[in-house]
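*Asks:* turn this into a structure:
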Amino acid sequence: MRTEHVESDLTVIGGGLAGCCAAIAAARQGARVALVQNRPVLGGNSSSEIRVWVCGATAHGVQRYARETGIMGELFVENQYTNPDGNPYYWDLVLLEAVRAEPNLRLFLNTDVREVEADGPPDARVIRSVTGWTMGSERVVTFTSPAFADCSGDGLVGHLAGAEYRTGREARAEFDESWAPEVPDDAMLGSTILFYSTDAGHPVPFVPPSFAKDISRTSIVDRRVIRADAKGCAFWWIEWGGERDIVHDNEEIRDELQAAVYGIWDHIKNSGEFDADNLTLEWIGSVPGKREYRRFVGDHVLTQHDVLGQTEFPDRVAFGGWSIDLHPPGGMYATEPGSRHWHPDGVYHIPLRSLYSRNVTNMWMAGRTISASHVAFGTTRVMATCAVGGEAAGTAAALAVRHGLTPRELATGHLDLVHRALTRADGPHLGVPADDPADLALTARARASSQLRTLAVEVSDGTEPLDDALGIVLPADPELGALELLVDARHGTELVADVHATSKPQNYLPARLVQTVTAAVPAGEKQWVRLDVGWRPGTPQNAFVVLRADPALSVHRSATAEPGTLVLRHREPAPDEQWTEQWRAWKRILQRESLCFRLDGPTSAFAADRVVGGHARPYGGPQMWVSDPLEHDPAPWVELRWDSPVTVAEVALVLDDDVEEDLINLHHHSTPFRVLPTLLRDYELQLDDGGGWRTAVHVTGNRRRHRVHPLDAPVDVRALRVVATATNGAPRAHVVSVRAYGSATRR
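*Replies:* Residues are numbered from 1 along each chain as shown. Next comes the predicted model:
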């Protein structure tokens, strides 16, 4: 055997999405990183070995403007371009390329960490090293570093180091969680094995193996949805092991799951209930996709109340939006539904104090192992949420090492370092304003060649009946003036609208009634009906206008939409809905489309000054500059100008990748664009150093959101401009943020 010793600033154990994002984030902060993965591919449950959809804050379209940014956002956008058909092997490549692109990051695949050297008292343990066996090459590798991140999913490293952790379900009384059981128990969410099928073009027999489960003798046939055309995660409910020890009984769980898969396939092929003669199995997983095991205890345990109440932690560093999604311990054999869901009203925050161990002083954690109750874990466990937590933990770990701080010291005494680093990296936190004094843009005046001032969609492509209430979300910045709608009326009636405020800046649901307005509507078609709203909130925010149901009315719709607007329909829950908490009454109906409307009065929601400071994603409004249509302003620009020259070494742009567009790696649903249309395709970065404008950077074919442009040498400038010469399809130029720094990003 060969023995090796690897020294770094941070050792990340686990190459799932949490570990990948933690490692990339730390490397981008200038830390030397070792990423250790015990499988031959990256991605964990999302990899080609297991093939689970990467779900996250969008909750399959339930949450609005919720798609992750930061490194996870980069991966989604890149996958959309390189892998539009959702090939799981291409997704492996997206992750591998992202990791290999970082010069500060060393990757160790097939390396299973089994030994941990740690010392210190129980309340202040310190990890000194971890040692892994690299399968296939007979190497024993010991990794030493001042900090470690357990992103392993099962939490073996933290367990061996003596970190406090929880398993199973807490009692309801411990955190006063209504979805917790009355009595604590060891039950967990089970594991899953998936399969893919394909049409061979000719009849293919299937002879089941002797161990295939006869599912007719189980509740599966009656309680679960089986379709011949389904594959992959459509069979998420093939789940078992919640009443076993998920790790120690892993082999038994794998055997049971594979027996069930072959039994389900036997039922599809041989029961005579399906048109499946030409179908054959293309792939079946051999590695169970685990949902739950150890959850380490940090300085804060995230609970049901934090998720549903969207607690605004001072140390918020990441966000989620998936429902609290709990499954019965019996998995596929349970007689109750395979899952139940409780969605928060919008995305919720994850604090830094949930991303490090409270008793191992140099251990960070991300992914399934973060500090959360079992109920809260029901939402934090999904992979895109694991990923954004990974980026936050990796960023914080690099900062803590650089400044000689423990995780607790960083989280409680130097939080500004984390927030500013995440902001500069376009990281995945929410509601934290950009206030970094290193950003020279904060002292500049912004102006633009044009801006979107009037919101109007006037070309009709059909109608939406008002059989149910419709909701339209509009920015109220500085006010929501009169609203006109294009309406058909079968007979004379009144159009009644309720104007609501939302409860939080990241929410898109009606929460507080502001006013009710009515307008008489005579019988007729294509009438512009005026609702005299006139709401001026104290601060810019979204207004949710509810058009009350009236079977006599229809509202015209359009195939185009204005930025920052949404249209939703109200639906009552089904009479037999068992878990009424999970019902989201307002659901979007017009994707990339709109109602025909006109707003009376200009809006400031898309002004040039939106590119300075503020927020880098929708939050109480769209939070970006938008130009006039390119046909009227063919080379729109947005400019920063200083009263006195400033020295600029790097300019960073955050462009609009439309976080309302719900991307997914293996395509549970399809998105028609390989590149998001709202992204600038071609642009120039121009500088005025006192001698007039000169082009410092010229970009063509852009498909990314966050672009960092270090200059050849620091330059004293009076102004800088971003000049848009083409988009990827949007009719206007969009820019979220323009930032300028006197020194280049640490790498």
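*Asks:* from here on, contacts and neighbour counts on C-alpha atoms
*Replies:* Will do.
*Asks:* who's in contact with stretch 120-135?
*Replies:* Residues outside stretch 120-135 that contact it (CA atoms under 8 Å, 6 or more residues apart in numbering): 38, 109-119, 139-148, 157, 161-163, 358-363.
*Asks:* other SSEs contacting the helix or strand of the chain with the lowest mean pLDDT?
*Replies:* Sorted by mean pLDDT, DSSP states H and E, the helices and strands of the chain end with strand 586-588, the least confident at a mean of 90. When contacts are defined as 3 or more CA pairs under 8 Å, 6 or more residues apart in numbering; DSSP states H and E, strand 586-588 sits against strand 566-570.
*Asks:* run me through the strand neighbours of the strand it packs on, direction for each.
*Replies:* strand 470-476 (antiparallel), strand 586-588 (antiparallel) (DSSP bridges).
*Asks:* ok, back up a step: and the contacts of stretch 120-135, which are buried?
*Replies:* 38, 109-113, 115-116, 118, 140-148, 157, 161-163, 358-363 (16 or more other CA atoms under 10 Å).
*Asks:* buried sites along stretch 260-273?
*Replies:* 260-270.
*Asks:* my bad, should have said stretch 460-478
*Replies:* For stretch 460-478, burial by neighbour count (16+ other CA under 10 Å) applies to 460, 463-466, 468-478.
*Asks:* closest one to Ser48 out of those, please.
*Replies:* Each of the buried residues of stretch 460-478 was checked against Ser48 using CA to CA; the closest is Val473, at 39.2 Å.
*Asks:* distance of that closest one from Gly701?
*Replies:* Per CA to CA, to the nearest Å, Val473 is found 32 Å from Gly701.
*Asks:* rewinding a little: and the buried residues of stretch 260-273, which is closest to Asp488?
*Replies:* Ile268 (48.5 Å).
*Asks:* quick check: next helix or strand after the strand or helix carrying that closest one?
*Replies:* With elements taken from DSSP states H and E, the one containing Ile268 is helix 250-270. On the C-terminal side of helix 250-270, the closest following helix or strand by DSSP H and E is strand 279-284.
*Asks:* next secondary structure after that next one?
*Replies:* Going down the chain from strand 279-284, the next helix or strand is strand 295-296, by DSSP H and E.
*Asks:* got a list of contacts for whichever helix or strand comes after that next one?
*Replies:* Remark: after strand 295-296, the chain's next helix or strand is helix 304-308, criterion DSSP H and E. Outside helix 304-308, the residues that touch it by CA under 8 Å, 6+ apart are 177, 311, 324, 343-345, 348-349, 373, 375-376.
*Asks:* just the ones of these in strands?
*Replies:* If you go by DSSP state E, the contacts of helix 304-308 have 324, 348-349 in strands.
*Asks:* if I look at the closest residue to Arg705 other than its chain neighbours, how far off is Leu676?
*Replies:* Once flanking residues are discounted, Arg705 sits nearest to Leu655: 4.7 Å by CA to CA, 6 or more residues apart in numbering. Per CA to CA, Leu655 is found 11 Å from Leu676.
*Asks:* now swap in Pro288 and tell me
*Replies:* Distance of Pro288 to Leu676, given as CA to CA: 34 Å.
*Asks:* go ahead and measure how far stretch 513-530 is from the middle of the chain.
*Replies:* Relative to its chain's centre, stretch 513-530 lies at 38 Å (CA atoms, centre = their mean, to the nearest Å).
*Asks:* what sits up against that stretch?
*Replies:* Stretch 513-530 is contacted by residues 482-501, 531-533, 535, 556 when judged by CA under 8 Å, 6+ apart.
*Asks:* next one: stretch 326-343
*Replies:* Applying CA under 8 Å, 6+ apart, the contact partners of stretch 326-343 are 187-190, 218-220, 223-224, 237-243, 308, 321-325, 375, 378, 579, 581-584.
*Asks:* mind checking the end-to-end distance for it?
*Replies:* 12 Å.
*Asks:* cool, and stretch 273-282?
*Replies:* With CA to CA applied, stretch 273-282 spans 21 Å between its terminal residues.
*Asks:* what are the boundaries of the helices in the stretch 51-200 of the chain?
*Replies:* 70-82, 88-100, 156-161, 172-175 (DSSP state H, counting those that start in this stretch).
*Asks:* just checking, what packs against the shortest one?
*Replies:* Using 3+ CA pairs under 8 Å, 6+ apart as the contact test, no helix or strand touches helix 172-175.
*Asks:* now the first one
*Replies:* For helix 70-82, the contact count by 3+ CA pairs under 8 Å, 6+ apart identifies helix 17-28, helix 88-100, helix 383-403 as packing neighbours.
*Asks:* what packs against the second one?
*Replies:* Using 3+ CA pairs under 8 Å, 6+ apart as the contact criterion, the secondary-structure elements in contact with helix 88-100 are helix 17-28, helix 70-82, strand 105-108.
*Asks:* rounded mean pLDDT for that helix, please.
*Replies:* The average pLDDT for helix 88-100 rounds to 98.
*Asks:* which residue comes closest to Glu650 once chain neighbours are left out?
*Replies:* Nearest in space to Glu650, with sequence neighbours left out and distances taken as CA to CA, 6+ apart, is Pro710 at 4.2 Å.
*Asks:* what strands line up against the longest strand along the chain, and which way round?
*Replies:* Across the chain, the longest stretch assigned as strand under DSSP E is strand 706-727. If you go by DSSP bridges, strand 706-727 pairs up with strand 637-655 (antiparallel), strand 680-688 (antiparallel).
*Asks:* just the pLDDT at Gly44, thanks.
*Replies:* 98.
*Asks:* touching, it and Ile13? I think so.
*Replies:* No. Between Gly44 and Ile13 no contact is recorded; they are 11.9 Å apart, counting by CA atoms under 8 Å.
*Asks:* who has more neighbours, the two?
*Replies:* Neighbours per residue (other CA atoms under 10 Å) separate Gly44 from Ile13, with Ile13 holding more: 32 against 27.
*Asks:* bridged to the more buried one, which residues?
*Replies:* Val36, Asp150.
*Asks:* residues in contact with the residue nearest to Arg705?
*Replies:* Contacts here follow CA under 8 Å, 6+ apart; on that basis Leu655 touches 679-680, 704-707, 734-737.
*Asks:* Ser594 too?
*Replies:* By CA under 8 Å, 6+ apart, Ser594 lies in contact with 457, 557-562, 565-567.
*Asks:* please repeat the previous calculation with a cut-off of 7 Å.
*Replies:* With contact set as CA atoms under 7 Å, 6 or more residues apart in numbering, Ser594 has these partners: 557-561, 566-567.
*Asks:* dump those residues to JSON lines, plus pLDDT and secondary structure.
*Replies:* Below are those laid out as JSON lines (pLDDT from 0 to 100; DSSP: H, G, I helix; E, B strand; the rest coil):
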{"residue": "Arg557", "pLDDT": "97", "secondary structure": "strand"}
{"residue": "Ser558", "pLDDT": "97", "secondary structure": "strand"}
{"residue": "Ala559", "pLDDT": "96", "secondary structure": "coil"}
{"residue": "Thr560", "pLDDT": "95", "secondary structure": "coil"}
{"residue": "Ala561", "pLDDT": "96", "secondary structure": "coil"}
{"residue": "Leu566", "pLDDT": "96", "secondary structure": "strand"}
{"residue": "Val567", "pLDDT": "97", "secondary structure": "strand"}
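*Asks:* thank you, goodbye.
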